[in-house]
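In: following is a predicted model, sequence given first.
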Amino acid sequence: MGSYYINRTFFFDVHPPLGKMLIGLSGHLTGYDGTFPFEKPGDKYGETKYIGMRTFCVSLGSTVVPLAFLTVWELTWSLPAASLAAALLLFDTGCLTLSQYILLDPIMLCFIMGAVFCQSKFDSLKNRPFSMWWWVWMCGAGCFIALAFSVKFVGLFIILWVGLKTVSDLWDLLGDLTLPLMVVFKHFLARTMCLIVLPAAIYVTCFAVHFHTLYKSGSGDGFMSSAFQSTLEGNKLYQAIMPEDIAYGSTITLKNYRPAGGLLHSHWHLYPEGLGAQQQQITAYTHKDDNNYWIIKRYDRNPIPEDPIQFVKNGDLVRLEHVATRRNLHTHQEPAPITKRHFQVTGYGQNGTGDINDIWKVEVVGGAEKSRIKTVRSKVRFIHYMTGCALHSHSKTLPKWGWEQLEVTCNPFTRDKNNLWNVEDHINNQLPNGTFAVYQPSFLGKLLESHAVMVQGNSGLKAKEGEVTSQPWQWPLNYRGQRFSGVNATDYKVYLLGNPVIWWGNLALLAGAMLVFLVEALRTQRGFVDPPQLSEKKSGTLSAARWMAAGWALHYLPFYFMGRVLYFHHYFPAMLFQSMLTAIMYDYFLQIVEHKAQPKVYRRIHQWGTAFIFIILLYSFYLFYPMSYGMFGPLADNETSPMYGLKWMESWEI
């Protein structure tokens, strides 16, 4: 999607813009011209200069390894633990695969790890408040959480993690009776500026650059309101000159007023048998199309050229005739195809002549009685004359027979906010034209609308036909990966799957950490006291482990409550925390061994145990690295496959 920034054309995406802007910038600086479509993995690049964008993503993705090392080092001052954290990410085939392509994920993972590292450095300076580096690292954490959230909305979880740490710190400061309340207030104010105001400013700035750069009409216009579209060069509404007041005989398009609402649409195809009346389909379509045009007519007769101009007013009874098919907008007491509690809406009649079920009453929200209907400005309900239901659309999509367009129904609950429509295009050569520049929204209006549309789009994401998705319970188990490219034996097949030795080891250490937390809580409750030196070490290590476990939970558990389609790659932010938790728990076990065993035995376990772990990690990477760089030949079930014997779970597609 970086191509859109190079071409300055507006598009719609469910994620904030920073990641795509950075990819576009890296491509622009390295000679990419923005013409390659990037439609699907495996497409041949030809002469396309894509190396700069890929190098940029790889560079950011690779930073998670040193950042993990530095973070764990800061938390434990243990070289084996810090090295293990780095090795777990370095030798993981999943992290490697995700980081080597032009994707948003390596950018976001970099920013998440940057936030964790900065927060860890900031925490280490608790005894030097308001020093220069104290401010630097706190501002760094604020910048990185803003950058992560500006790439994907899942960056919200790192904001929550930093926020929880901040609340915990402030609570401890409030309980320190040696500190004057004014000092506590200064701490609160400093964190407010660095962790709320600064991130908010960065986030809003990203959208300001986004709107300034994408000033041309593009593929995403239809998702936005008519007023928003009037700001885009090349859009029909940009500096549009069209009649302001709607008259009978006008040709119009109607846009559903909700975020990402579609345009009222019809086509020659009929509803399938068994889904109400087999009449012409009525849908909502988010793209500009000739099938979006309707003629607004009096309820009792068709217009003729000799008719005098008569404006449509609040409370009028009208009919809407589809221009392309000459059928009227119609409803009856048959259930809608998906939303069964609503009525079906169809196209009915011939050459503009139908029956009494084609009549609708126009209601202008907030309009005076008999006030005129305005292009763009008026929010209108269409209330069916016979049944009293309201013309309605929402985010539910029809199956293949409805071309996966949005369902249009007649809603018996007339006050539903999704019953609102506005006139977007208006053609009537008998009326004087006016300009619509005055309706262009402010920056704040565009910002709020963009977020409403993104949230709506994100929550409505559904799996495509034949697409392999996954469930959150499968992710820690490394149960099923995600195919990136290649299907046949003659293709190079890239498969996003974690190194099973690392992932299952992480899972075992996660369970071990939960057990340790429980045991330590019981020991504390029963009054067990460790020697002072061991107690101090364990306290710091377990505190770090708890925060890593909290980071894992914040980045993983919320997915169980999401209604949108989910993929394996959504787990990788949680996997970063899980790997650092594994390394910290390894340091905890070394501390226990050091305390319990003789120094000579401890040194052997320390040296040989650590060496053995690294050898296992390296060998497991050697076995599974083809999943990242490309598997060639038959699938692993075939004895001639280079991956034969490595399909350790039937659900893997290798």
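Out: That came in fine, so what should we check first?

In: for Ala284, grab the count of nearby residues.
Out: By the criterion of other C-beta atoms under 10 Å, Ala284 has 25 neighbours. Every residue, glycine included, has its C-beta placed from N, CA and C.

In: show the contacting residues for it.
Out: Asn256, Gly261, Gly262, Leu263, Leu264, His265, Ser393, Gln405, Leu406, Glu407, Val408 (C-beta atoms under 8 Å, 6 or more residues apart in numbering).

In: try 7 Å this time
Out: Asn256, Gly261, Gly262, Leu263, Leu264, His265, Ser393, Gln405, Leu406, Val408 (C-beta atoms under 7 Å, 6 or more residues apart in numbering).

In: can you give me the pLDDT of Thr490?
Out: At Thr490, the pLDDT value in this model is 63.

In: please apply the same query to Val487.
Out: Reported pLDDT at Val487 in the predicted model: 69.

In: and the strands in the stretch 251-400 of the chain?
Out: Secondary structure of the stretch 251-400 of the chain by DSSP state E, counting those that start in this stretch: the strands cover 251-256, 263-270, 280-285, 294-298, 317-322, 328-335, 343-348, 360-364, 380-384, 390-397.

In: buried sites along the fifth one?
Out: Yep, that's strand 317-322 we're talking about. Val318, Arg319, Leu320, Glu321, His322 (16 or more other C-beta atoms under 10 Å).

In: kindly report the same for the first one.
Out: Using 16+ other C-beta under 10 Å as the burial criterion, the residues of strand 251-256 that qualify are Ile252, Thr253, Leu254, Lys255, Asn256.

In: contact partners of it?
Out: Under C-beta under 7 Å, 6+ apart, the answer for strand 251-256 is 226, 246, 261-264, 284, 292-296, 323, 393, 418, 421-427.

In: go on, stretch 589-604?
Out: Pro80, Leu534, Lys537, Lys538, Thr541, Ile605, His606.

In: which one of the contacts of Ala284 is nearest Leu232?
Out: Nearest to Leu232 among these is Leu263, at 15.9 Å by C-beta to C-beta.

In: burial of that closest one, as a residue count?
Out: 26.

In: so it sits against Tyr285, correct?
Out: Yes - using C-beta atoms under 7 Å, Leu263 makes contact with Tyr285 at a distance of 5.5 Å.

In: run a quick neighbour tally on the nearest residue to Gln430 once chain neighbours are set aside.
Out: Take Gln430 and drop its neighbours on the chain: the residue closest to it by C-beta to C-beta, 6 or more residues apart in numbering is Ile309, 5.9 Å away. Counted with other C-beta under 10 Å, residues neighbouring Ile309 total 12.

In: can you give me phi and psi for Ile309?
Out: Backbone torsions of Ile309, given as degrees, to the nearest 10, read phi -60, psi 130.

In: okay, it and Ile23: tell me how far apart.
Out: Remark: distance between Ile309 and Ile23 (C-beta to C-beta, to the nearest Å) = 52 Å.

In: of the contacts of stretch 589-604, which belong to helices?
Out: Mapping the contacts of stretch 589-604 onto helices (DSSP state H) picks out Pro80, Leu534, Lys537, Lys538, Thr541.

In: run a quick neighbour tally on Leu70.
Out: 18.

In: CA-only coordinates of the helix or strand it falls within in PDB, if you can.
Out: Using DSSP states H and E, Leu70 sits in helix 64-76. As requested, the backbone C-alpha atoms of helix 64-76 are provided in PDB (Å, rounded to 0.1, in the frame of the first residue of the first chain):
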ATOM      1  CA  VAL A  64      13.900  -7.300  17.800                       C
ATOM      2  CA  VAL A  65      16.900  -9.500  18.500                       C
ATOM      3  CA  PRO A  66      19.300  -6.900  19.900                       C
ATOM      4  CA  LEU A  67      16.500  -5.100  21.700                       C
ATOM      5  CA  ALA A  68      15.400  -8.400  23.400                       C
ATOM      6  CA  PHE A  69      19.000  -8.900  24.500                       C
ATOM      7  CA  LEU A  70      19.300  -5.300  25.900                       C
ATOM      8  CA  THR A  71      15.900  -5.500  27.600                       C
ATOM      9  CA  VAL A  72      16.600  -8.800  29.400                       C
ATOM     10  CA  TRP A  73      20.100  -7.600  30.200                       C
ATOM     11  CA  GLU A  74      18.600  -4.500  31.800                       C
ATOM     12  CA  LEU A  75      16.200  -6.600  33.800                       C
ATOM     13  CA  THR A  76      18.500  -9.400  35.000                       C
END
